[in-house]
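Engineer: When you get a sec, could you give me coordinates for this:
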Amino acid sequence: MLKSGTVKIEHGTNTGSQGIYMTVTSTDGKIITQYMHLSRTIASDGQYVGAGTIIAAMGNTGNVSGSIGPDKGAHLHFGVKIKEGKGNHEFVDPLLFLGT
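Structural biologist: As a prediction, the model looks like this:
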């Protein structure tokens, strides 16, 4: 997790192409991080979490490499969206934020 923020459980079950996934919105609302294909969530919907908090477990739920089911390896799709000014949140390269 990059910054402190509030958790939103988007899908708590293995439905849809993203499988079990959640987002965390930073306290100031400018950064949204997305975590997809989880095996389970640890943080609760609406919970405030700090940077470095373990919020979920990596998994293989949803449409993994074009095939739904447990036969594909566990992994995580991680996305970062930034809001600049009054515009919408836009995806940015998440590598810019890892290790900071």
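Engineer: Please give me every residue in contact with the spatially most central residue of the chain.
Structural biologist: Centroid check for the chain by Cα atoms, centre = their mean gives residue 35 as the closest residue, at 2.0 Å. By Cβ atoms under 8 Å, 6 or more residues apart in numbering, residue 35 lies in contact with 21-24, 55-56, 76-78. (Glycine included, C-beta is placed from N, CA and C.)
Engineer: what are the ranges of the helices in this protein?
Structural biologist: Remark: no helices are assigned in the chain by DSSP state H.
Engineer: for it, what's the longest strand?
Structural biologist: Counting residues, the longest strand found in the chain (DSSP state E) is strand 31-41.
Engineer: For this protein, name the helix or strand with the lowest mean pLDDT.
Structural biologist: Least confident helix or strand of the chain, by mean pLDDT, DSSP states H and E, is strand 67-68 with a mean of 53.
Engineer: sorry, back to before: mean confidence for the longest strand of the chain?
Structural biologist: The average of the pLDDT scores along strand 31-41 is 90.
Engineer: Okay, buried residues for it please.
Structural biologist: 31-38, 41 (16 or more other Cβ atoms under 10 Å).
Engineer: could you dump these to JSON lines with distance to residue 89?
Structural biologist: JSON lines is the format used below for these (distance: Cβ to Cβ, whole Å):
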{"residue": "31", "distance to residue 89": "8"}
{"residue": "32", "distance to residue 89": "6"}
{"residue": "33", "distance to residue 89": "11"}
{"residue": "34", "distance to residue 89": "10"}
{"residue": "35", "distance to residue 89": "16"}
{"residue": "36", "distance to residue 89": "16"}
{"residue": "37", "distance to residue 89": "21"}
{"residue": "38", "distance to residue 89": "21"}
{"residue": "41", "distance to residue 89": "21"}
